[in-house]
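S.K.: Everything below, folded, please.
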Amino acid sequence: MMNRFLTLLTLGLCFGALGCGTAPDHATGSEIAVPDTVRVVLVSYFPTDGDLIDKKQTGDWGESLGFTRNKVDSVTAVLVNSLQKGSIYHGYKDSSASPSLVYKIVNRQEYLEPLPTFERPDGKVPMTNYGSIFQQVGGETWVTDHGVDEIWIWGYHGGVIDLWESNMSSPYGDISNSDRDPNDLPILATTYTMYHYNYQRGAAETVENHMHQLEAILNFADGRDTTPTVNWPKLLFWGHFVGSDSTHRLLDPRRAGWSHYPPNAEKDYEWANANPVFSDIEDWKPDQFGTAQEIECSRWDCDHLGWFIYWMQNIPGANNGLTYQNRPLRNWWSFVGQYDKSKSEGWKLWEEN
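M.R.: A predicted model of the protein is given here:
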């Protein structure tokens, strides 16, 4: 039973100093001077016990409702700013450069009740019911009538429920960090992606959800899902940019790494490794090695959120000027901002002649 429902129509609201931009939402071509807009519905589930979050429901979170609301608002602002900042190509060199993406929260909803779940036949903890959430928030109206691209869910984990970090529904198939069940969400005329955050965690974990989704999209566009694993090192994104293979470890520290692996990492999540290696992450070139320099964790303040933003800023973005086999590289952020266009036109990571 829903205790309280709050919806705030906040069309035009953006976070951070980057603002919303004033140009058309979906620019065309491989080089864009203005950002694509990603429209978001933000929904929070706060099961309450008096003035507190009900720890019997969340498993590990029993702070006050007010404190939890404030944390969600604060972390959401950092998330939006980090995603926008991360989409600025080489933004650490040129702070005046424009982002490739801006995020606009067009609607907020709050439920003082547990997340919808369903029991699983394997006896594991209940799974979050994303189809029920989509119906509850009026997802079809928001996606179809208001052009919403993403639904951000604030909830919990605590070992009492299971969740997906991202879950896509698309007429072109589900490319997300989930089990890619084709029947768990309604399929509409346009793509939408649901992200699930845990208010027991911090901003870095929310950004990581988006990084894994970006990695999934770029790997799919690059053909990794249909490429024999022995050939993964030959792929443009996973092989040449990341520098990895089917083990997900780095084969060559001279490359850029991925969300779990900075160039100098020797294991997953080693974001604070101070041992230097030579890497061309800041001068990456598709066809050969760029100029390498010594890289260690102070470059991103030895912090995992710092690493995520730094890594994203080295993704080929707007006006990157790079070529691959004599063909211009696309702005890879366009695969997020213009996902349906990329699928309907069969985009590769590079422009085809």
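S.K.: going forward, measure contacts and count neighbours with C-alpha atoms only.
M.R.: Fine.
S.K.: for the protein, which spans come out with low pLDDT?
M.R.: The model of the chain has pLDDT under 70 over residues 1-34, 353.
S.K.: now do 90
M.R.: Applying pLDDT under 90 to the chain flags the ranges 1-34, 94-97, 121-123, 158, 252-254, 288, 352-353.
S.K.: okay, which residue is most central for it?
M.R.: His210 (1.3 Å; CA atoms, centre = their mean).
S.K.: Outside of the helix or strand containing it itself, list whatever touches it.
M.R.: Secondary-structure assignment from DSSP states H and E places His210 in helix 203-221. By CA atoms under 8 Å, 6 or more residues apart in numbering, the residues outside helix 203-221 that reach it are 75-76, 78-79, 82-83, 165-166, 175-177, 195, 197-198, 225, 237-238, 259, 304-305, 308, 332, 335-336, 347-349.
S.K.: hmm, which of these are the buried ones?
M.R.: Neighbour counting by 16 or more other CA atoms under 10 Å classes 75-76, 78-79, 82-83, 165-166, 175-177, 195, 197-198, 237-238, 259, 304-305, 308, 332, 335-336, 347-349 among these as buried.
S.K.: Give me the subset of the residues you listed lying in helices.
M.R.: Using DSSP state H, the subset of these located in helices is Val75, Thr76, Val78, Leu79, Ser82, Leu83, His304, Leu305, Phe308, Phe335, Val336.
S.K.: quick one: which of those is nearest to Ile105?
M.R.: Thr76 (10.1 Å; CA to CA).
S.K.: who's in contact with the closest residue to His90 other than its chain neighbours?
M.R.: Among residues not flanking His90 along the chain, Gln313 sits closest, at 5.1 Å (CA to CA, 6 or more residues apart in numbering). Counting by CA under 8 Å, 6+ apart, Gln313 touches Lys85, Gly86, Ser87, Ile88, Tyr89, His90, Gly91, Tyr92.
S.K.: Surely Leu185 touches Ser169?
M.R.: Yes - applying CA atoms under 8 Å, one finds Leu185 in contact with Ser169, separated by 6.1 Å.
S.K.: now that we're looking at the residue nearest to His90, how far away is Asn331 from it?
M.R.: 12 Å (CA to CA, to the nearest Å).
S.K.: Give me the buried positions along whatever helix or strand comes next after the helix holding His210.
M.R.: Counting by DSSP H and E, the next helix or strand C-terminal to helix 203-221 is strand 277-279. Of the residues in strand 277-279, those buried by neighbour count under the rule 16+ other CA under 10 Å are Phe278, Ser279.
S.K.: domain ranges for the chain?
M.R.: According to automatic domain parsing, the chain comprises the domains 5-218, 222-313.
S.K.: ok now the shortest one, how far from the chain's centre?
M.R.: Taking CA atoms, centre = their mean, to the nearest Å, one finds domain 222-313 lying 17 Å from the centre of the chain it belongs to.
S.K.: same check, this time on the first one
M.R.: The chain centre lies 9 Å from the centre of domain 5-218; the measure is CA atoms, centre = their mean.
S.K.: circling back to that earlier point, with only the CA atoms kept, save the helix holding His210 in PDB.
M.R.: Taking Å, rounded to 0.1, in the frame of the first residue of the first chain, the C-alpha atoms of helix 203-221 are listed here in PDB:
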ATOM      1  CA  ALA A 203      28.200   8.800  -5.700                       C
ATOM      2  CA  ALA A 204      31.000   6.700  -7.200                       C
ATOM      3  CA  GLU A 205      28.800   3.600  -7.200                       C
ATOM      4  CA  THR A 206      26.000   5.400  -9.100                       C
ATOM      5  CA  VAL A 207      28.400   6.600 -11.700                       C
ATOM      6  CA  GLU A 208      29.900   3.100 -12.100                       C
ATOM      7  CA  ASN A 209      26.400   1.800 -13.000                       C
ATOM      8  CA  HIS A 210      26.500   4.200 -16.000                       C
ATOM      9  CA  MET A 211      30.000   3.300 -16.900                       C
ATOM     10  CA  HIS A 212      29.200  -0.400 -17.100                       C
ATOM     11  CA  GLN A 213      26.200   0.500 -19.300                       C
ATOM     12  CA  LEU A 214      28.400   2.600 -21.600                       C
ATOM     13  CA  GLU A 215      30.900  -0.300 -21.800                       C
ATOM     14  CA  ALA A 216      28.100  -2.700 -22.800                       C
ATOM     15  CA  ILE A 217      26.800  -0.300 -25.500                       C
ATOM     16  CA  LEU A 218      30.300   0.300 -27.000                       C
ATOM     17  CA  ASN A 219      31.200  -3.400 -26.900                       C
ATOM     18  CA  PHE A 220      28.000  -4.200 -28.700                       C
ATOM     19  CA  ALA A 221      28.500  -1.500 -31.300                       C
END
